[in-house]
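Participant: return atomic coordinates for the entry below.
(one chain, ligands or ions: 2)
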Amino acid sequence: MPRDMLQFTRLPSHAPDKRPAESRRRDFDEIYQPWPDEKASEQASRCEQCGIPFCQVHCPVQNNIPDWLKLTAEGRLQEAYEVSSATNNMPEICGRICPQDRLCEGSCVLEQSQHGTVTIGAVEKYITDTAWERGWVKPVTPERELGTSIGIIGAGPGGMAAAEELRKLGHKVEIYDRYDRAGGLLIYGIPGFKLEKHVVQRRADLLAQAGIVIHPNVEVGKTIRFSELRARHDAVLIATGVYKARMLECPGVGANGVFPAMAYLTASNRKDLGDAVPEFDNGTLDAAGKNVVVVGGGDTAMDCVRTAVRQGAKSVKCLYRRDRDNMPGSQREVANAIEEGVEFLWLSAPEAVLHDSENQVTGVRAVRMRLGTPDASGRAKPEEIEGSQFVVPADICIEALGFDPEDLPVMFGETGLGVTRWGTLKTDFRTLMTTMEGVFAAGDIVRGASLVVWAIRDGRDAAASIHRYVQNARKPEAQPLRAAS
Ligand SMILES: Cc1cc2nc3c(=O)[nH]c(=O)nc-3n(C[C@H](O)[C@H](O)[C@H](O)COP(=O)(O)OP(=O)(O)OC[C@H]3O[C@@H](n4cnc5c(N)ncnc54)[C@H](O)[C@@H]3O)c2cc1C
Ligand code: SF4
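Facilitator: Ligands and ions are numbered 1, 2, ... in the order given. Sure, this is the predicted structure:
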């Protein structure tokens, strides 16, 4: 039934229902229930159709949100899908995992005016999930083949978005990834309870159906030299993400049972995918029956604590040195973790990892903090409260303190590849070309650890820029003007 818009005066804001915490603690399935058609069109009809849509302004891919909300409310779902997929290569993935409270929904005028946001992410997920069900999602087919070849290093969201856009324009595209599956952090970082694995795999399959060649298990810098790969293609895009884990710096960190977050999450995600994982199967990376302490307050920390709950940990505690309001992770995920039984020790910083005579972790000694004056970043600086030490029992301690870029110039043997003082790749802000001719970069390796939707945006921008570059490079040399007789 087509609905009129502006129904926010009548209808309250409603997000999809969550499965009860008790049932979701037992599996890795997504926690939000799918919406029936009626609910999606009802919620979409709340949109005010603002003249200046701040939701769109604050969406990194600048989705035409009011348009697809209106089409959904009118029951014109296929058109809603066409509009939504015109600006985003993975709308159903962003609908699931964007921190909407900080992006589109946080900027929604209804939210700002206390009426409750339009639940934009949930409608976006609904539109494209429906499109998949009804067979509207098709591999891209270029109108003509250009005979050019682009190499992409990294099959995360940045590389995948760029690949699809480049293929659409008629380039041959080959993606090289050191993992055995495409998806990057979508597949081995983010757990199934936020993003089920089949949702990522069908996107990778779609790229293959479009004729994009994905080379798994190819680590550029090891399996193949960068210079060799560069010589194969008219242009290259580096979309390798950031993977150097920040480690705890305190006594005892070398003890058995201290793990970086990605080692822990990758093992769990591989089990979810049905792989044999010896380090999980022998109990090393399995939290079942153990006391788990996770240090950190971002999305990665939230994914670790919630994974530990699902593995059947005896207790799961999160140590974070600032307070709840200052956590970098999505507040929605913090709330989900609390519902699932995670205990947060806010304003607490680790001082030492304790271990027994066999070097097995037994606990974490922490100290209470208070928030002082803002530091250079503008955030209140945590200060130690003298004499407030306490011990948290732990059999596993997970470091979820963030990621830095690997040393790409060294890994790739390319000293000409310029980096910033943070180790991210230097790019021209208009073209996204690195300091090497014909070599572009996108996603976390340029921004530092960021968001999936920003990687998609960068991938799309890089694709457009690579297309211009390759086309210009192929133009025939200008003929010298003949002298007038
Ligand atoms: C645990 C976790 C949870 C997160 N949760 C969220 C969330 O809820 N929402 C959100 O928006 N963002 C989240 N993020 C951030 C998000 O996943 C990243 O910002 C995004 O994946 C970056 O995309 P990318 O394409 O730049 O890199 P990646 O996704 O990291 O992909 C890079 C790819 O490059 C490959 N690669 C690296 N080096 C080489 C090499 N030398 N040769 C070949 N291949 C190589 C890697 O194997 C990988 O597949 C999370 C991150 C983590 C770690
Ligand atoms: S891509 Fe992310 S920010 Fe943009 S509309 Fe979708 S959920 Fe919101």
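
Participant: all contacts plus neighbour counts: C-alpha atoms, from now on.
Facilitator: Will do.

Participant: in this structure K197 contacts L185, no?
Facilitator: No. K197 lies out of contact with L185 (Cα atoms under 8 Å); the separation is 11.2 Å.

Participant: higher neighbour count, those two?
Facilitator: The neighbour comparison of K197 against L185 (other Cα atoms under 10 Å) goes to K197, with 23 against 18.

Participant: how much space is there between that one and ligand 2?
Facilitator: Separation of K197 from ligand 2 (Cα to the nearest ligand atom, to the nearest Å): 19 Å.

Participant: please report how far that residue lies from F280.
Facilitator: Computed as Cα to Cα, to the nearest Å, the K197 to F280 distance reads 19 Å.

Participant: partners of the helix or strand of the chain with the lowest mean pLDDT in the sheet?
Facilitator: Sorting the helices and strands of the chain by mean pLDDT, DSSP states H and E puts strand 380-384 at the bottom, at a mean of 91. When sheet partners are counted by DSSP bridges, strand 380-384 sits next to strand 361-374 (antiparallel).

Participant: name the residues that touch the partner strand?
Facilitator: Contacts of strand 361-374 with the rest of the structure, by Cα atoms under 8 Å, 6 or more residues apart in numbering, involve 255-258, 293, 321-322, 347-356, 379-385, 387-397.

Participant: mind redoing it with 7 Å?
Facilitator: Outside strand 361-374, the residues within contact range by Cα atoms under 7 Å, 6 or more residues apart in numbering are 255-257, 321-322, 347-356, 380-385, 388-396.

Participant: which of those residues count as buried?
Facilitator: With burial judged by 16 or more other Cα atoms under 10 Å, the buried subset of the contacts of strand 361-374 is 255-257, 321-322, 347-355, 380-384, 389, 391-396.

Participant: how about the contacts made by the residue in the stretch 351-485 of the chain that ligand 2 sits nearest to?
Facilitator: Proximity of the stretch 351-485 of the chain to ligand 2 (Cα to the nearest ligand atom) peaks at V453, 5.8 Å away. By Cα under 7 Å, 6+ apart, the contact list for V453 reads 60-61, 94, 98.

Participant: if we use 10 Å, what do you get?
Facilitator: 59-61, 88-91, 93-95, 97-99, 157-158, 443, 459 (Cα atoms under 10 Å, 6 or more residues apart in numbering).

Participant: kindly report the residues of the stretch 251-400 of the chain close to ligand 1.
Facilitator: 299-300, 303 (Cα under 6 Å from any ligand atom).

Participant: again, 8 Å this time
Facilitator: Within reach of ligand 1 by Cα under 8 Å from any ligand atom, the stretch 251-400 of the chain has these residues: 261-262, 265, 299-301, 303-304, 330.

Participant: inside helices: which ones of those?
Facilitator: 261-262, 265, 299-301, 303-304 (DSSP state H).

Participant: compare the residues you listed and tell me which is most surrounded.
Facilitator: When neighbours are counted by other Cα under 10 Å, C304 leads those with 30 neighbours.

Participant: returning to what we had before: contacting ligand 2 as well, which ones from the contacts of V453?
Facilitator: Filtering the contacts of V453 for proximity to ligand 2 (criterion: Cα under 8 Å from any ligand atom) leaves 59-61, 88, 91, 94-95, 97-99.

Participant: output these as CSV; include the columns distance to P16, neighbour count and secondary structure.
Facilitator: CSV is the format used below for the ones next to ligand 2 among the contacts of V453 (distance: Cα to Cα, whole Å; neighbours: other Cα atoms under 10 Å; DSSP: H, G, I helix; E, B strand; the rest coil):
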residue, distance to P16, neighbour count, secondary structure
C59, 21, 21, coil
P60, 23, 19, coil
V61, 23, 19, coil
N88, 22, 20, coil
P91, 17, 24, helix
C94, 15, 21, helix
G95, 12, 22, helix
I97, 14, 19, helix
C98, 15, 19, coil
P99, 15, 22, coil
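
Participant: what's the most distant pair in these?
Facilitator: Distances among the ones next to ligand 2 among the contacts of V453 were taken as Cα to Cα; the most separated pair is N88 and P99, at 15.9 Å.

Participant: OK, contacts around C47?
Facilitator: By Cα under 10 Å, 6+ apart, C47 lies in contact with 4-8, 65-67, 69-70, 73, 108-110, 117-120.

Participant: same question for A352.
Facilitator: A352 touches 248-253, 363-367, 391, counting by Cα under 10 Å, 6+ apart.

Participant: which of the residues you listed lies closest to R181?
Facilitator: When these are compared against R181 (criterion: Cα to Cα), the nearest one is L248, at 29.6 Å.

Participant: sec struct for the closest one, please.
Facilitator: coil (DSSP: H, G, I helix; E, B strand; the rest coil).

Participant: what about the closest residue to it other than its chain neighbours, neighbour count?
Facilitator: Nearest residue to L248 in three dimensions, chain neighbours excluded: E399, at 6.6 Å (Cα to Cα, 6 or more residues apart in numbering). Neighbourhood size, E399 [other Cα under 10 Å]: 25.

Participant: list the contacts of E399.
Facilitator: Counted by Cα under 10 Å, 6+ apart, E399 has contacts 245-248, 253, 258-264, 293-296, 300-301, 304.

Participant: give me the buried entries from these.
Facilitator: Of the contacts of E399, these count as buried by 16+ other Cα under 10 Å: 245, 247-248, 253, 258-264, 293-296, 300-301, 304.

Participant: the closest residue to N89 other than its chain neighbours sits in which helix or strand?
Facilitator: Residue nearest to N89 in three dimensions, not counting chain neighbours: A161, with 5.8 Å by Cα to Cα, 6+ apart. According to DSSP states H and E, A161 maps onto helix 157-168.

Participant: quick check: mean pLDDT of that helix?
Facilitator: Confidence over helix 157-168, taken as the mean pLDDT, stands at 98.

Participant: just the CA trace of the next helix or strand after it, in PDB.
Facilitator: Scanning forward in sequence from helix 157-168 by DSSP H and E, the next helix or strand is strand 172-176. This file holds the C-alpha atoms of strand 172-176, laid out as PDB (Å, rounded to 0.1, in the frame of the first residue of the first chain):
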ATOM      1  CA  LYS A 172      39.800  -5.700 -17.100                       C
ATOM      2  CA  VAL A 173      40.300  -6.000 -13.400                       C
ATOM      3  CA  GLU A 174      42.400  -8.400 -11.400                       C
ATOM      4  CA  ILE A 175      42.400  -8.300  -7.500                       C
ATOM      5  CA  TYR A 176      45.300  -9.800  -5.500                       C
END
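
Participant: by contact count, what packs against strand 172-176?
Facilitator: Applying 3 or more Cα pairs under 10 Å, 6 or more residues apart in numbering; DSSP states H and E, one finds that strand 172-176 makes contact with strand 149-153, helix 157-168, strand 213-215, strand 235-238.

Participant: hmm, try it at 7 Å
Facilitator: Using 3 or more Cα pairs under 7 Å, 6 or more residues apart in numbering; DSSP states H and E, the elements in contact with strand 172-176 are strand 149-153, strand 213-215.

Participant: show me how far the last one is from its chain's centre.
Facilitator: Right, the one you point to is strand 213-215. Relative to its parent chain, strand 213-215 has a centroid offset of 21 Å by Cα atoms, centre = their mean, to the nearest Å.

Participant: what do you get for stretch 191-198?
Facilitator: Stretch 191-198 sits 12 Å away from the centroid of its parent chain (Cα atoms, centre = their mean).

Participant: any part of that stretch near ligand 1?
Facilitator: Yes. Interface with ligand 1: stretch 191-198 contributes 191, 194 (Cα under 8 Å from any ligand atom).
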